[in-house]
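*Asks:* Structure for this input, please:
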Amino acid sequence: MLLGAWTLSPPPPGVSRFGDEWLRDAYLRLNESTAAEPRVLVIDIDEPSMAQLGPWPWPRARIADLVEKLLTTYKARGVALDIMLPEAGKDNGDQRLALLARHAPLVLAQAFDYHYIGARLRDGAVGGGHPDRDGRGVAASGYIGNHPLLAAQATHVGNIGFIPDEDGVLRRVPLRTRFEGRVHLPLAAELINCCAGGPPLVLPDADFMRVSYKRDWKAFDVIPAARLLDASLPEASDIDGRLVLIGSSALGQADRVATPLAAQRPGLGVQAAMLSTLLDHQAGLAPRPWPGRAIALLYAAAVALLATLSFGRVSALAATLLLGGAAAGWLLLAMPLSQHDPSLVTTGPLATCLFLLLVAVPFQWQLTQQRSHNLLAALRQYVARSVVDEMLKRGLTDPLRPARRDVTTLVADMEGYTSQVEALPVEEAARLTRDFLECLTGPVLARGGTLDKYTGDGLMAFWGAPLPLADHADLALDAAHEILRRVAAFSAARVAAGGRPLRVRIGVESGEAMAGDFGTSARSIYTAVGDGVNTAARLEQAARDFPHDLIIGGGTVARATRHRFLPLGERLLRGKERATMLYTLDLGGGTGTRAAVTSLENT
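*Replies:* Residues are numbered from 1 along each chain as shown. Below you'll find the predicted structure:
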């Protein structure tokens, strides 16, 4: 219920929550109509018109001729120019257009800019507008207007600026734009107020309005401008009494926008769709408001109650089908709701269904968990608990299957083990071995390592399998450093009790290896096999010839990012054809186990 309530809260304009706008766009495409819009006519300054009469910009006198013919010869009810003319013309057309804009049913266009970063856009002059009495509307930062003569004379000037949604699609337009103390309405609203007749247009009490997009560009009546200007259009054409938009769909005019119906449509088509939307609103033909959010919340509550009452009595498959049916039922209901409530998040109840699907199928979840626990039970003996938990979270079905991984191997051993235990009673020898192995094992598991095996008085471990680790080299070095500290402390305590000191030898190397279950039907073993693994063992053996307890290979040095190293020179290791560069950790002073003690004290 809480999830449904959150998803149903209206997001900011232009932001889609949980795929809401994607679903709304799908509904629009399903409901798209090809029926003609008898109230709207589009005059298109298209490519053929410019090829016939000359490229854009046209002389102002030609534009004035176009407007005069529409208003006089063809008796259009009103004309709106979806064109901005910020610069003065070179003929007497500006004066004619100014007179038409002042005395005839002609509406000019201007575009407001809503970007607040960078230079403020100022081109031409702002015209029209209404007093800003209540501070409502979207604040603009700049504009492209018309030549000052046109802007000053025009009685009606409409805004064609817009703010696309976050995905670049134009779904809604600003109803009220505030700029320098005045409020400006959209071009379509000014055309209706100017010329449509009928009851006054009362705009919705919102800053933005969704364009209905009932019709795509191809559904509007479009007449090329050249046909009116060359007198090839009969005077009895079906223009009488219609509202006319003049603009350009030509690609060269760069007036293209993405709409819910297509990735590229002329901006002139958006103005036509907005005009049709507002005409429906004026005539009372727009869908009546419904309490869409309340209906959606009740639907989500009903689905939650149904799950509570039925899921304990049905199988996992039946529960899944039930939720699928609930989701399908909401998709059918949300289609009309989206038309009657523009602020409804249509996908809200779907989020509730998805949440129930993820948490309310206990039988199937239990089976999956049981299989995962059985499969990973063996790993708990030699893999850190945090790694096992992460594998369970990921739902790995076969984590033991051999796979090629980039791993870091650590091999540790007690120097002189035989001489240490040969004079001890069996119980003391066993205790010494167990305590020593504790010093080795704890750091390995604490840093997410995989314990491969014990080697009597030592162990082999690796990082990077069964789960890949980006910092496996650094984790292995952290574990090696901690082993040095623990062995140093254990040795000091043993010496204080009259025993002999202990020394651990550690080899660490990184490289590609095959990690997985390489056992047989009689016995399973999870291990890593590769050149880096063998080299780590050789480095541990080489430590007996150095005063350093930790010997590191070049592969680990290349992968580590949090440690410093001291080069020890090259050494030809057993089984290698070429010499290997050896390193040890730079602990900030001293060497060997004594250096680990000093580092521990400093820390």
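*Asks:* just how off-centre is stretch 269-283 within its chain?
*Replies:* Taking the mean of its C-alpha atoms, stretch 269-283 sits 33 Å from the chain's own mean (CA atoms, centre = their mean, to the nearest Å).
*Asks:* Tell me the buried residues in that stretch?
*Replies:* 269-279, 281-282 (16 or more other CB atoms under 10 Å). (Each C-beta comes from the backbone N, C-alpha and C, glycine too.)
*Asks:* Same check on stretch 335-346?
*Replies:* Neighbour-count burial for stretch 335-346 flags 335, 337-339, 341-342, 344-346 (criterion: 16+ other CB under 10 Å).
*Asks:* Can you give the contact residues for it?
*Replies:* 7-11, 17-18, 20, 23-24, 27, 30-31, 209-210, 287-293, 295-296, 334 (CB atoms under 8 Å, 6 or more residues apart in numbering).
*Asks:* got the CA coordinates for that stretch in PDB?
*Replies:* In PDB, the C-alpha atoms belonging to stretch 335-346 read as follows (Å, rounded to 0.1, in the frame of the first residue of the first chain):
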ATOM      1  CA  MET A 335      -6.300   3.500 -20.500                       C
ATOM      2  CA  PRO A 336      -9.500   5.500 -19.900                       C
ATOM      3  CA  LEU A 337      -8.200   6.800 -16.600                       C
ATOM      4  CA  SER A 338      -5.200   8.300 -18.300                       C
ATOM      5  CA  GLN A 339      -7.500  10.400 -20.400                       C
ATOM      6  CA  HIS A 340      -9.600  11.700 -17.500                       C
ATOM      7  CA  ASP A 341      -6.800  12.400 -15.000                       C
ATOM      8  CA  PRO A 342      -3.600  13.900 -16.600                       C
ATOM      9  CA  SER A 343      -1.800  13.800 -13.300                       C
ATOM     10  CA  LEU A 344      -2.300  10.100 -12.700                       C
ATOM     11  CA  VAL A 345       0.800   7.900 -12.500                       C
ATOM     12  CA  THR A 346      -0.700   5.100 -14.600                       C
END
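*Asks:* Can you list the low-confidence ranges for this protein?
*Replies:* 14, 116-119, 236, 251-254, 312-314, 361-399, 519-524, 589-603 (pLDDT under 70).
*Asks:* where does the top strand by length along it sit relative to the chain's centre, distance-wise?
*Replies:* Longest strand in the chain, counting residues (DSSP state E): strand 504-517. How far strand 504-517 lies from its chain's middle: 38 Å, per CA atoms, centre = their mean.
*Asks:* swap in stretch 408-420?
*Replies:* Centre to centre, stretch against its chain (CA atoms, centre = their mean), the figure for stretch 408-420 is 51 Å.
*Asks:* and what of stretch 62-71?
*Replies:* Counting by CA atoms, centre = their mean, stretch 62-71 comes out at 49 Å from the chain centroid.
*Asks:* Would you mark the buried spots in that stretch?
*Replies:* Neighbour counts over stretch 62-71 (16+ other CB under 10 Å) mark 62-71 as buried.
*Asks:* Which of the contacts of stretch 335-346 fall within strands?
*Replies:* 209-210.
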